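Visitor: build me a model:
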Amino acid sequence: MEYIRVTKENLEKEHICCAITNNKDVQVSSKKAWLSDRFEEGLVFLKSAERGKCFIEYIPAEYAWVPIEADGYMYIDCLWVSGSLKGHGYSTDLLQACIEDSKEKGKKGLCILSAAKKRPFLSDPKFLTYKGFKVADEADNGVRLMYLQFDEDIAPHFKECAKHPHIDEKGYVLYYTNQCPFNAKYVPILEETAASNGIAFKAIKLDSREAAQNAPTPITNYALFHDGEYVTNEQMNDKKFLKLVNS
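Guide: Numbers count the residues shown, from 1 in each chain. Purely as a prediction, here's the structure:
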């Protein structure tokens, strides 16, 4: 497999894997704008040359849009291989490239979000464990911060605000960022669906690193709460949302 590193210079002409449509699509434009602002902070987006969902995105942890304490570590935003590209060792290729790059940059190790059991849009804990990752910390909602150490330095951990995901607001409250391209399309759909069905719903966009690093949830690219309690990080369309509300 040939891999391409997406940079500010080739960003406009390269597809970004998780949103395979043209550049005029709101999902693509929002994600590319978010990426463009992160490259100077050290973000790396490495993807397969073949069109499909096969990529890794990582950034120095101090610049990550998640509430963690992990100075000196590299944080993996997303490692995603799916469809016909699964089962060929590409996840291993991408992770190994991240490891080698991070060691060259003098990082202490890697960290990434997962859970005890596989959850949508979170990395597979079995794969991570197989690759030598260990659990560094765990929030009350079962989301885990896993890490791979390169030396014997202090392990990373969640900030206190993220360890006990809870908010005071009633109704449905969604925290999200433009890191996930699907939000640009589906968050407005949820807002319209909630309004037309008389459902109390509020979407809070975390539009800065500081806001994301102090969010009341370990997952910041999509975290849905109901009456103060964390519900899910699974992306929802109108049908899934109404099913959840009526369940």
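Visitor: what pLDDT does the residue of the chain most remote from its centre get?
Guide: For the chain, the largest distance from the centre (CA atoms, centre = their mean) belongs to residue 198, which lies 30.2 Å off. We have a pLDDT of 98 for residue 198.
Visitor: one more: residue 236?
Guide: 94.
Visitor: now do the lengthiest strand in the chain: which elements does it pack against?
Guide: For the chain, the longest strand by residue count, based on DSSP state E, is strand 73-81. Judged by 3 or more CB pairs under 8 Å, 6 or more residues apart in numbering; DSSP states H and E, strand 73-81 is in contact with strand 54-60, helix 90-104, strand 109-115. Placement of C-beta: from N, CA and C, glycine included.
Visitor: let me see the ranges of the helices in this protein.
Guide: Using DSSP state H, the helices of the chain run over 26-38, 90-104, 125-130, 160-163, 182-196, 209-213, 238-246.
Visitor: looking at these, which one has the lowest mean pLDDT?
Guide: Of all the helices of the chain, helix 26-38 carries the lowest average pLDDT, namely a mean of 91.
Visitor: mind listing what's buried along it?
Guide: For helix 26-38, the buried set under the neighbour-count rule, 16 or more other CB atoms under 10 Å, comprises 27, 28, 29, 30, 31, 32, 34, 35, 38.
Visitor: dump those residues to JSON lines, plus distance to residue 11.
Guide: Putting the buried residues of helix 26-38 into JSON lines (distance: CB to CB, whole Å) gives the following:
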{"residue": "27", "distance to residue 11": "15"}
{"residue": "28", "distance to residue 11": "11"}
{"residue": "29", "distance to residue 11": "11"}
{"residue": "30", "distance to residue 11": "13"}
{"residue": "31", "distance to residue 11": "10"}
{"residue": "32", "distance to residue 11": "6"}
{"residue": "34", "distance to residue 11": "11"}
{"residue": "35", "distance to residue 11": "6"}
{"residue": "38", "distance to residue 11": "11"}
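Visitor: distance of the closest residue to residue 230 other than its chain neighbours relative to residue 178?
Guide: Spatially, and ignoring its direct neighbours in sequence, residue 230 is nearest to residue 165 (4.0 Å; CB to CB, 6 or more residues apart in numbering). Per CB to CB, to the nearest Å, residue 165 is found 21 Å from residue 178.
Visitor: run a quick neighbour tally on residue 63.
Guide: Around residue 63 there are 14 other residues, counting by other CB atoms under 10 Å.
Visitor: that one contacts residue 42, correct?
Guide: Yes. The pair residue 63 / residue 42 is scored as a contact, 6.5 Å apart, by CB atoms under 8 Å.
Visitor: my guess is residue 91 meets residue 79, correct?
Guide: Yes. Contact criterion CB under 8 Å: residue 91 and residue 79 qualify, at 6.4 Å.
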